[in-house]
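just coords:
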């Protein structure tokens with residue numbers, strides 16, 4: 001009896017402590033009754049894509065390195081332009097008076113590249129040339145540097161944010177490139193024996209001009225003496241333009257879908273290893289000038305120069321003018337000098353300078369990216385990576401072999417722009433001025449910013465708009481249903497989300513369901529690597545009612561993700 005009384009007293013005290021009456025623990029949420037249809041509304045939120053351990057792109061990530069105290073001019077090397085009609089014997093006499101020997105001639109530019117082996121000062125050498133009435137100009141040959149080089153190795157967890165930022169998957173709905181379009185990558189050369197670059201240089205007359213060479217050995221040899229672990233810059237840039245895409249071998253995607261039937265790369269090697277200077281990814285602007293002329297004469301439609309220097313070059317200016325008269329559209333990296341002036345040749349008015357962005361919302365200039373009036377007048381911006389976000393692509397080194405790696409820099413932004421120009425050409429949008437105008441007029445100006453400006457130019461490139469894709473192509477299909485094994489069963493209408501990510505799903509079967517958001521980037525009808533996908537389970541749907549406030553996190557699926565089947569695909573999405 002005493003035990004029962006104690007229990008009754010304890011129960012009474014518990015009720016009193018809870019405020020008396022019927023107050024107690026919260027009542028469980030009601031379970032939807034089967035039968036009938038309801039509505040679900042909510043928003044999709046993009047999240048960083050985590051790479052599964054041991055799967056997907058692997059290798060180091062390297063930050064953009066700001067230029068330090070690097071030499072501006074090639075020691076004892078000069079570029080001399082003679083007046084038209086100057087006899088060879090007369091030019092030789094002028095060289096002899098200056099104590100110089102000829103390394104290379106660029107005949108159509110009337111330019112001689114010479115070296116002086118004595119200790120004569122640059123001022124005295126150029127004074128000797130300027131004393132001759134046969135000389136139109138003489139200038140020191142300047143260095144061009146690759147605008148992304150390895151620094152602090154890190155490991156990233158994000159691969160494909162940059163393609164979403166420029167609305168590229170929507171552009172792929174209408175074009176993935178054309179083998180009739182050739183992009184000249186004027187850089188360190190390329191390793192097209194990388195499995196994810198197979199066939200991208202086929203029949204494009206790639207060539208090597210580094211350090212005065214003139215041969216077909218365009219393969220990047222790396223820097224075996226100075227830095228054998230340094231990764232191939234040109235291979236990384238080329239992969240962004242046209243790596244094999246939607247191929248069973250996995251890897252990374254190119255802005256253009258490369259390969260036997262895809263957009264081609266013309267590898268023009270002008271950068272390499274400078275052993276005396278202990279530098280890697282460096283070359284002379286005189287070699288760059290020859291490379292530009294070569295690209296213009298051998299079928300290139302687009303030139304990508306992810307390189308730059310502190311001094312200009314009259315020879316390069318003339319080569320750029322020549323290429324523009326041949327109809328080529330030319331892109332160059334704005335530079336990694338943390339809002340210092342735009343590098344040359346990006347500062348040339350016939351070149352489109354490309355600034356870099358990071359993965360921020362709203363989008364902002366990457367911390368290292370250059371600023372300048374040239375961006376305002378004819379520049380654009382594209383993803384280059386910043387902070388913990390990198391641009392992943394193909395690369396190689398003498399010690400590391402063939403890998404994928406994440407880089408940062410305006411070097412990485414530039415091939416995004418050049419690649420989109422190649423997509424535009426495949427759609428029949430032609431002419432350098434037209435392509436520049438369309439790229440700038442369709443660029444997206446970040447919220448709260450007035451464009452054009454000195455940071456991002458006309459704004460961030462919008463690939464879908466540039467190639468004329470419907471703006472809704474970049475949105476997500478939202479629907480409710482169940483996931484059983486690897487099959488998603490749809491149990492509602494499919495509705496297209498707004499560009500803001502907001503969605504409303506109608507005719508959803510009542511009960512406990514999952515809410516799915518999906519973008520079928522490759523049109524395969526299955527949820528595969530590269531698709532944007534999100535699932536929120538255990539959503540209660542009530543007949544005749546709306547379930548509001550549902551937030552679904554959407555991520556880009558990576559290589560190695562489980563492939564899911566959605567019978568009917570997104571054909572019912574509207």
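Nice, thanks for sending it over. None of these values were measured; they are calculated from a predicted model. Numbering: from 1, shown residues only.

elements contacting the helix or strand harbouring residue 139?
Using DSSP states H and E, residue 139 sits in strand 135-146. Using 3 or more Cβ pairs under 8 Å, 6 or more residues apart in numbering; DSSP states H and E as the contact test, the elements touching strand 135-146 are strand 73-82, helix 122-130, strand 279-284, helix 285-297, strand 307-308. C-beta: built from backbone N, CA, C; applies to glycine.

beyond that strand, next helix or strand please.
Assigned by DSSP H and E, the successor of strand 135-146 is helix 161-165.

for that following helix, the distance to its chain's centre please.
8 Å (Cα atoms, centre = their mean, to the nearest Å).

rewinding a little: okay, the helices and strands packed on strand 135-146 in TSV with distance to residue 173, mean pLDDT and mean neighbour count next?
Converted to TSV, the helices and strands packed on strand 135-146 look like this (distance: least, Cβ to Cβ, whole Å; pLDDT from 0 to 100; neighbours: other Cβ atoms under 10 Å):
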stretch	distance to residue 173	mean pLDDT	mean neighbour count
strand 73-82	47	96	21
helix 122-130	55	96	16
strand 279-284	36	93	26
helix 285-297	30	97	26
strand 307-308	33	96	31
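
so for residue 386, which of the ones you listed sits nearest?
Set against residue 386 and scored by Cβ to Cβ, the helices and strands packed on strand 135-146 come closest in strand 307-308, at 18.3 Å.

for the closest one, packing partners?
Counting contacts by 3+ Cβ pairs under 8 Å, 6+ apart, strand 307-308 is packed against strand 135-146, strand 329-333.

each with direction, which strands does the strand holding residue 139 pair with?
Here strand 135-146 is paired, per DSSP bridges, with strand 73-82 (antiparallel), strand 279-284 (antiparallel), strand 307-308 (antiparallel).

show me what the last one is in contact with.
Contact partners of strand 307-308, identified using Cβ atoms under 8 Å, 6 or more residues apart in numbering, comprise 144-147, 186-187, 270-271, 283, 288, 332-335, 343-346, 411.

how about 6 Å then?
144, 146, 147, 333, 335, 343, 346 (Cβ atoms under 6 Å, 6 or more residues apart in numbering).

same question, the second one
Contacts made with strand 279-284 from outside it, assessed by Cβ under 6 Å, 6+ apart, are listed as 74, 141, 143-146, 149, 188, 210, 223, 226-227, 230, 233, 270-271, 273-274.

next one: the first one
Contacts of strand 73-82 with the rest of the structure, by Cβ under 6 Å, 6+ apart, involve 91, 110-116, 129, 134, 136-143, 284, 286, 315.

again, only using 7 Å
Contacts to strand 73-82, defined as Cβ atoms under 7 Å, 6 or more residues apart in numbering, come from residues 91, 100, 110-117, 125, 129, 134-143, 284, 286, 311, 314-315.

repeat that for stretch 445-454.
The contact list for stretch 445-454, computed with Cβ under 7 Å, 6+ apart, reads 362, 363, 364, 371, 372, 373, 375, 376, 458, 459.

now do that stretch, average pLDDT.
Averaged across stretch 445-454, the pLDDT comes to 93.

ok, now stretch 501-517?
Average pLDDT, stretch 501-517: 94.

likewise stretch 360-371?
Stretch 360-371 comes out at a mean pLDDT of 94.

helices of the stretch 251-400 of the chain, start to end?
285-297, 314-325, 373-378 (DSSP state H, counting those that start in this stretch).

now render those as JSON lines, adding distance to residue 178.
What follows is the helices of the stretch 251-400 of the chain, written out as JSON lines (distance: least, Cβ to Cβ, whole Å):
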{"stretch": "helix 285-297", "distance to residue 178": "18"}
{"stretch": "helix 314-325", "distance to residue 178": "20"}
{"stretch": "helix 373-378", "distance to residue 178": "26"}
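
let me know which of those helices is the nearest to residue 538.
Distance to residue 538, taken as Cβ to Cβ, is lowest for helix 373-378 among the helices of the stretch 251-400 of the chain, at 48.6 Å.

picking that back up, wait, which of the helices and strands packed on strand 135-146 is closest to residue 240?
Smallest distance to residue 240 across the helices and strands packed on strand 135-146 (Cβ to Cβ): 14.8 Å, for strand 307-308.
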